[in-house]
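generate a structure from the sequence data that follows.
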Amino acid sequence: MYAPLSGLVGAQPPTDIWVPSTTQNFGLGMQMPAYDPYFGWGSFVYAKAIQACGVGRLCFMTGAWGATDMPNTANTGYPIFSARADMLINTFGWFQYAGLAPWLADSSVAAGVAIGIHAAGTVGANAAGKQVLGANVVFPGTKTVVIAGVGTLNGSPVIKLPNIEGLFVGLTASGTGISGTIIAMNPNQNEVTLSANATATGGISATFTWTNFLGVMTTGGAHIQGAIT
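A predicted model of the protein is given here:
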């Protein structure tokens, strides 16, 4: 889980375990560095969601630091920000603009291959005038995180793990007796809630797949291709 590095008093962690607030707690556009043991360093900006946007959804900012879907439009030149929590409309929170982040994708792209905007708020294979510049795909949608020693309870969607490093809301789960996607996480108890109940009780090895996501690295300033004429 990302932890703020700035010493900003009262800063909510910029992760999918945080519940976005309808109260503005910091100045819009404020930047904050943070660190996660799995994803490493990242940098975030405080903004208002002017539409709902889930984990990994790509946004651009209006002049008033309002986050909205990156449009499926060529040659905008817009800078890219990604949501790291399920942001409801008119809530305030942190959007990532640098570091390794899961980006919502409608197709898997191999590491190192160029990507572009495919639909509003999502990326996929590159397209003319829609290429993402200043970013590099390091994890394809086939990437998996395998964790052994996972406890399941028949009829319950909650599973118990030895750790939740590398996991985030939206990952697809598989293993003996489990299925569905991660819909909530509790780092204090090392628990994950899935969208489907377990069908068996026991200790298993669970696999979490980056289906519908790409792992994208940027040092800041990733943007959509601008005008070419």
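
buried sites along stretch 128-147?
By neighbour count on 16 or more other C-beta atoms under 10 Å, the buried set for stretch 128-147 is 129-132, 135-137, 139-141, 143, 145, 147. For the C-beta atoms, the positions are set from N, CA and C on the backbone; glycine is no exception.

in CSV, list those residues along with distance to I164 and secondary structure.
As requested, the buried residues of stretch 128-147 are exported to CSV (distance: C-beta to C-beta, whole Å; DSSP: H, G, I helix; E, B strand; the rest coil):
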residue, distance to I164, secondary structure
G129, 39, coil
K130, 34, coil
Q131, 34, strand
V132, 28, strand
A135, 26, coil
N136, 26, strand
V137, 24, strand
F139, 17, strand
P140, 22, coil
G141, 20, coil
K143, 16, coil
V145, 10, strand
I147, 8, strand
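
low-confidence ranges in the chain?
Within the chain, the ranges that satisfy pLDDT under 70 run 9-13, 15-18, 229.

rerun at 80
1, 3-4, 6-20, 228-229 (pLDDT under 80).

quick check: domain ranges of it?
3-139, 144-213 (automatic domain parsing).

redo these as TSV? Include distance to I224.
Output for these, formatted as TSV (distance: least, C-beta to C-beta, whole Å):
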stretch	distance to I224
domain 3-139	5
domain 144-213	19
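
out of those, flag the one nearest G220.
Nearest to G220 among the domains of the chain is domain 3-139 (3.8 Å), distances taken as C-beta to C-beta.

okay, how far is it across the closest one, tip to tip?
In domain 3-139, first residue to last residue: 22 Å (C-alpha to C-alpha, to the nearest Å).

just to revisit the earlier point, closest to G7 among the buried residues of stretch 128-147?
Scanning the buried residues of stretch 128-147 for proximity to G7, where the rule is C-beta to C-beta, the winner is A135, at 28.5 Å.

hmm, back to that, tell me which of the domains of the chain lies nearest to A222.
domain 3-139 (4.1 Å).

quick one on the thing from earlier: Throw the buried residues of stretch 128-147 into TSV and include distance to V55, thanks.
Shown next, in TSV, are the buried residues of stretch 128-147 (distance: C-beta to C-beta, whole Å):
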residue	distance to V55
G129	27
K130	22
Q131	23
V132	18
A135	17
N136	20
V137	18
F139	15
P140	18
G141	14
K143	16
V145	15
I147	19
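
which ones are touching G29?
Going by C-beta atoms under 8 Å, 6 or more residues apart in numbering, G29 touches 45-47, 65.

nearest residue to the residue nearest the centre of the chain in space, please, no chain neighbours.
What sits nearest the mean C-alpha location of the chain, by C-alpha atoms, centre = their mean, is G56, with 3.3 Å. Take G56 and drop its neighbours on the chain: the residue closest to it by C-beta to C-beta, 6 or more residues apart in numbering is L104, 4.0 Å away.

I'd guessed the one you found sits against T211; true?
No: using C-beta atoms under 8 Å, L104 is not in contact with T211, being 11.0 Å away.

just want to know which of the two has more residues nearby.
Counted by other C-beta atoms under 10 Å, L104 and T211 do not tie: L104 has more neighbours, with 22 against 16.

so who does the more buried one touch?
So L104 contacts 54-58, 121-123, 212-213 (C-beta under 8 Å, 6+ apart).

nearest to G7, of those?
Among the contacts of L104, and counting by C-beta to C-beta, the member closest to G7 is V55, at 25.9 Å.

over to that closest one: give its phi and psi.
phi -60, psi 130 (degrees, to the nearest 10).

and the residue nearest to G56, backbone torsions?
Per degrees, to the nearest 10, the backbone of L104 is at phi -60, psi 130.
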